[in-house]
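Enquirer: Predicted coordinates and the sequence they were generated for:
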Amino acid sequence: MSSGLPPELMPRSIPEFSYVAPSTVAEAISLLGRYGSKAKVMAGGSDLLHLMKRDGMPEVPEVIVDVKKIAEMRQLDFEPAGGLSMGALVTIGDVERSDLIAERYPLLSQASDQISVPQVRNVATVGGALSQQVWCPFLRNALKCWRAGGEICYATLDGADNRYYHSVMGGDDCYAVHPSDLAVALEALDASVVVAGPYGTKTMRLDDFLPGNVWAANLLQSHVLSPTELITAVHVPPPASDTRYAYMKSRMRNALDFAIASVAVSLSVEGGVVTDSRVVFGGIAPSPYRDLGTQERLNGATISATLPEEVAGLALAEATPLQDNAYKVDVAKGLLKEAILNLSA
């Protein structure tokens, strides 16, 4: 049966490549240093293999470095003083099913439960969720945009379909949004990322790791990883007391789909007054978008029946939608209103 797609848009067979499976982080870094940009890291593989089939990469990797055997990247630990440590190979399913996370970090449980479908959650990893490629349909259908080695963002062209997976908050060279629900929740929890490289390891804030569009090794990407670096873990600080959490997401299909818009909200409340807050939107910008103006309005506010409407009305003041996606601003504001309403009950 014909798929109806023209031949140039049909998925192709995966090109030939060499395969190596290191058993330690040190071995993986050595291999990445040896092969450089000719190698790609694979954990769950759901994103990488899709890109290779769809010709959505500037150049096909010659070597796949499969890190699934690295036991030190599978830990899931919690210490009251240090917080949560999740190895990069912890799966989204592991996060979703963890009683520890559900009790102490319910925002991560809520976000994980809304990622794709169980089959994907059982193979997709924490590290992969943060470093995955954007799901822009132009890139995924083999058009040579900036991220695929071209010199154009097709979403900005007159008449282009930019309704779903493109930014309303600007984008410079690329207007594709970062697709990760988990990253939005982790940003709201002030998480940090541990990165290994030829120099050893370093820990960096999540918003520094995911700045949006950044050029690295002559490639446009969402994160700052170089070809010789690897995410090994994610750290989340101890949960604050008297803090309430909500994760809301809107998508075209309730199964599998990425966010049209999403929001992660944390409110610390004492005596009916918000003492601290974090508001992070997803699906609307090239990286998780922390709305500092909305946080300022919330901090010091008294919980009331009118607060959700007032705050949502002021959110995303700097939005600059593309031709056909302005509705996403209203969707995001509606999610924020619903989240605050739920947390105010």
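Expert: All right, it came through fine.
Enquirer: And the strands in the chain?
Expert: With DSSP state E as the definition, the chain shows strands at residue ranges 18-20, 39-42, 63-66, 76-79, 83-87, 192-197, 200-205, 214-216, 219-221, 230-236, 243-250, 261-270, 273-282, 289-290.
Enquirer: who wins for proximity to Ser112 among the ones you listed?
Expert: Ser112 lies closest to strand 243-250 among the strands of the chain, at 9.2 Å (C-beta to C-beta). Where C-beta positions appear, they are placed from N, C-alpha and C, glycine not excepted.
Enquirer: Go ahead and confirm Ala28 touches Val67.
Expert: Yes: counting by C-beta atoms under 8 Å, Ala28 sits close enough to Val67 to count as a contact (5.5 Å).
Enquirer: Identify the contacts common to these two.
Expert: 22, 41, 230 (C-beta atoms under 8 Å, 6 or more residues apart in numbering).
Enquirer: Who wins on neighbours among these?
Expert: Highest neighbour count within these, by other C-beta atoms under 10 Å: Leu230, with 26 neighbours.
Enquirer: any idea how far Met204 is from the residue nearest to it when sequence neighbours are not counted?
Expert: Take Leu230 and drop its neighbours on the chain: the residue closest to it by C-beta to C-beta, 6 or more residues apart in numbering is Ala196, 5.0 Å away. Distance of Ala196 to Met204, computed by C-beta to C-beta, to the nearest Å: 12 Å.
Enquirer: More neighbours: which of the two?
Expert: The neighbour count for Ala196 versus Met204, taken as other C-beta under 10 Å, is higher for Ala196 (21 against 13).
Enquirer: Tally up the residues packed near Val67, please.
Expert: Using other C-beta under 10 Å, Val67 has 26 other residues around it.
Enquirer: With the one 4 residues further on instead?
Expert: A count of neighbours around Ala71, defined by other C-beta under 10 Å, yields 11.
Enquirer: Might you report the residue contacts of it?
Expert: When contacts are counted by C-beta under 8 Å, 6+ apart, Ala71 touches Ser23.
Enquirer: and what of Gly150?
Expert: 143-144.
Enquirer: again, only this time at 10 Å
Expert: Residues near Gly150 by C-beta atoms under 10 Å, 6 or more residues apart in numbering: 58, 138-139, 143-144, 220.
Enquirer: hang on, Leu143 packs against Ala176?
Expert: No: with contact defined as C-beta atoms under 10 Å, Leu143 does not reach Ala176; the gap is 11.9 Å.
Enquirer: Residues that sit against both of the two, list them.
Expert: Counting by C-beta under 10 Å, 6+ apart, the shared contacts of Leu143 and Ala176 are 136-137, 154.
Enquirer: Compute the number of surrounding residues for the residue nearest to Val123 when sequence neighbours are not counted.
Expert: Of all residues not flanking Val123 in the chain, Gly44 sits nearest, at 4.0 Å (C-beta to C-beta, 6+ apart). With neighbours defined by other C-beta under 10 Å, the count for Gly44 comes to 22.
Enquirer: show me the contacts for Gly44.
Expert: Contacts here follow C-beta under 10 Å, 6+ apart; on that basis Gly44 touches 68, 89, 91-92, 120-129, 132.
Enquirer: how close does it get to Gly271?
Expert: Distance from Gly44 to Gly271, by C-beta to C-beta: 45 Å.
Enquirer: residues contacting Ser277?
Expert: Counted by C-beta under 10 Å, 6+ apart, Ser277 has contacts 188, 243-244, 265-269, 291, 294-301, 311, 340, 343.
Enquirer: Phe78 now?
Expert: 84-86, 98, 100-101, 103-105, 236, 238-239.
Enquirer: so which of those comes closest to Leu49?
Expert: Using C-beta to C-beta, the contacts of Phe78 come closest to Leu49 at Met86, 23.3 Å.
Enquirer: I'd assumed Leu189 was in contact with the closest one.
Expert: No: with contact defined as C-beta under 10 Å, Met86 does not count as touching Leu189 (11.4 Å).
Enquirer: Between those two, which contacts overlap?
Expert: In contact with both Met86 and Leu189: 105, 108, 234, 236, using C-beta under 10 Å, 6+ apart.
Enquirer: ok, so of those residues, who is nearest Lys328?
Expert: For the shared contacts of Met86 and Leu189, the nearest to Lys328 is Leu108 (24.2 Å; C-beta to C-beta).
Enquirer: Around that closest one, how many other residues sit close by?
Expert: 29.
Enquirer: And it, what's its pLDDT?
Expert: Turning to Leu108, the model gives it a pLDDT of 98.
Enquirer: Check the contact between it and Leu186; I expect there is one.
Expert: Yes: taking contacts as C-beta under 10 Å, Leu108 lies within contact range of Leu186: 7.4 Å.
Enquirer: what is in contact with those two at once?
Expert: Joint contacts of Leu108 and Leu186 (C-beta under 10 Å, 6+ apart) are 86, 126, 236, 264.
Enquirer: Among the residues you listed, pick out the one closest to Val224, please.
Expert: Val126 (17.1 Å).
Enquirer: show me what contacts that closest one?
Expert: Neighbour list for Val126: 43-44, 73, 76, 86-92, 94-95, 108, 112, 180, 182-183, 186, 193, 231, 233-234 [criterion: C-beta under 10 Å, 6+ apart].
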